[in-house]
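*Asks:* I would like the atomic coordinates for the input below:
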Amino acid sequence: MAGRTLFIADLHLCESRPAVTRRFFEFLRDEACHADAIYILGDFFETWVGDDDLASPLYAETASHLNKLSSSGVPVFFMHGNRDFLLARRYADLAGMALIADPSVIDLYGVPTLLVHGDTLCTDDTAYLAFRGQVRNPDWQRNFLAQPLAARKAMAQQARAQSETAKQGKSDEIMDVNTEEVARILRSHAYPRLIHGHTHRPARHAHQVDGHDCERWVLPDWYARWGYLACDKAGCELVIRNLASGP
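*Replies:* Got it, this is the predicted structure:
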């Protein structure tokens, strides 16, 4: 696996889904440990209400495994998603992760590659984008983090319930990326390769923008399946397996 960089997203780690956590630790042990680097493109955790919420063994154990990987020489990069946008420097340092912005452009074996979580591409979901703008506001975040931990957890649980209810009234098209927005962001970054998660619809898409051939890779979620995108000098490949299957 030398000479490969791995990309994952949408694991939604939580205590109620221990099989996913076990699979992730096995992925670090068996596959990520041989990579040049690993990028986590958001929604790594199901919820995140602040770096002071470390009583759960899940958070401490996950940080320990990631720190072991980064200490072995495999850089770990983390981009915020719509579930874990409050994850900050304290936990990132504990886990040995480097925080990166959304969007970020990297040189991936000579190919300019644009990384985003993917929620900003779903411009047809105007209600979600309005909510995103609110919770990404620094003043809102400061006020939220000033609340007691128990209150923050209750607010997060309520927000998740409201989000699930809202999804029932949205079409699949609304919750997928807007192709015009994809073209816009590719154009604004000089037509790179694009990698993102969020939509839970893993695939390779070909886009022609202003006469330029571009590819867009969508990462798999970790529910009934699990997987990652592996990129090397020859290109990229999606690896998707059933959750019950081994390496």
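
*Asks:* Would you map the helices across the protein?
*Replies:* Along the chain, counting by DSSP state H, helices occupy 18-30, 57-71, 89-95, 126-135, 138-145, 149-167, 179-188.

*Asks:* per-stretch mean pLDDT over those helices, give me the minimum one.
*Replies:* Mean pLDDT is lowest for helix 149-167 out of the helices of the chain, coming in at a mean of 88.

*Asks:* Export only the CA atoms of it, formatted as CSV.
*Replies:* Extracted C-alpha coordinates of helix 149-167, given in CSV (Å, rounded to 0.1, in the frame of the first residue of the first chain):
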residue,chain,number,x,y,z
LEU,A,149,-22.2,20.3,28.8
ALA,A,150,-25.5,18.7,29.7
ALA,A,151,-27.4,21.5,28.0
ARG,A,152,-25.3,21.3,24.9
LYS,A,153,-25.9,17.6,24.6
ALA,A,154,-29.7,18.1,25.0
MET,A,155,-29.6,20.8,22.3
ALA,A,156,-27.6,18.6,20.0
GLN,A,157,-30.1,15.7,20.4
GLN,A,158,-33.0,18.1,19.7
ALA,A,159,-31.3,19.4,16.6
ARG,A,160,-30.6,15.9,15.3
ALA,A,161,-34.3,14.9,15.8
GLN,A,162,-35.4,18.0,14.0
SER,A,163,-33.0,17.3,11.2
GLU,A,164,-34.2,13.8,10.7
THR,A,165,-37.8,15.0,10.6
ALA,A,166,-36.9,17.6,8.1
LYS,A,167,-35.3,15.0,5.8
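
*Asks:* Dump the helices of the chain into a markdown table; add mean neighbour count and distance to His212 as well.
*Replies:* For the C-beta atoms, the positions are set from N, CA and C on the backbone; glycine is no exception. Below are the helices of the chain laid out as a markdown table (neighbours: other Cβ atoms under 10 Å; distance: least, Cβ to Cβ, whole Å):
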| stretch | mean neighbour count | distance to His212 |
| --- | --- | --- |
| helix 18-30 | 16 | 34 |
| helix 57-71 | 17 | 35 |
| helix 89-95 | 17 | 35 |
| helix 126-135 | 13 | 27 |
| helix 138-145 | 12 | 36 |
| helix 149-167 | 13 | 34 |
| helix 179-188 | 15 | 8 |
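
*Asks:* so which of those comes closest to Arg216?
*Replies:* With respect to Arg216, and counting by Cβ to Cβ, the nearest of those is helix 179-188 at 6.4 Å.

*Asks:* quick one on the thing from earlier: CSV for the helices of the chain, including distance to Pro103?
*Replies:* CSV is the format used below for the helices of the chain (distance: least, Cβ to Cβ, whole Å):
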stretch, distance to Pro103
helix 18-30, 25
helix 57-71, 23
helix 89-95, 18
helix 126-135, 14
helix 138-145, 19
helix 149-167, 23
helix 179-188, 7
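
*Asks:* Of those, give the one that comes closest to Trp222.
*Replies:* The nearest among the helices of the chain, by Cβ to Cβ, is helix 18-30 at 5.1 Å.

*Asks:* which secondary structure elements does that closest one contact?
*Replies:* helix 57-71, strand 225-232 (3 or more Cβ pairs under 8 Å, 6 or more residues apart in numbering; DSSP states H and E).

*Asks:* how does it look with 7 Å?
*Replies:* On a contact count with 3 or more Cβ pairs under 7 Å, 6 or more residues apart in numbering; DSSP states H and E, helix 18-30 meets helix 57-71.

*Asks:* just how off-centre is the helix it packs on within its chain?
*Replies:* 17 Å (Cα atoms, centre = their mean, to the nearest Å).

*Asks:* Any idea which residue is closest to the centre of the chain?
*Replies:* Geometric centre of the chain, nearest residue: Gly42, 2.1 Å, by Cα atoms, centre = their mean.

*Asks:* got the contact list for the residue lying closest to it once chain neighbours are set aside?
*Replies:* Nearest non-adjacent residue to Gly42, counting by Cβ to Cβ, 6 or more residues apart in numbering: Gly81, 2.4 Å away. Neighbour list for Gly81: 9, 42-44, 117, 198 [criterion: Cβ atoms under 7 Å, 6 or more residues apart in numbering].

*Asks:* Fine, thanks again, bye for now.
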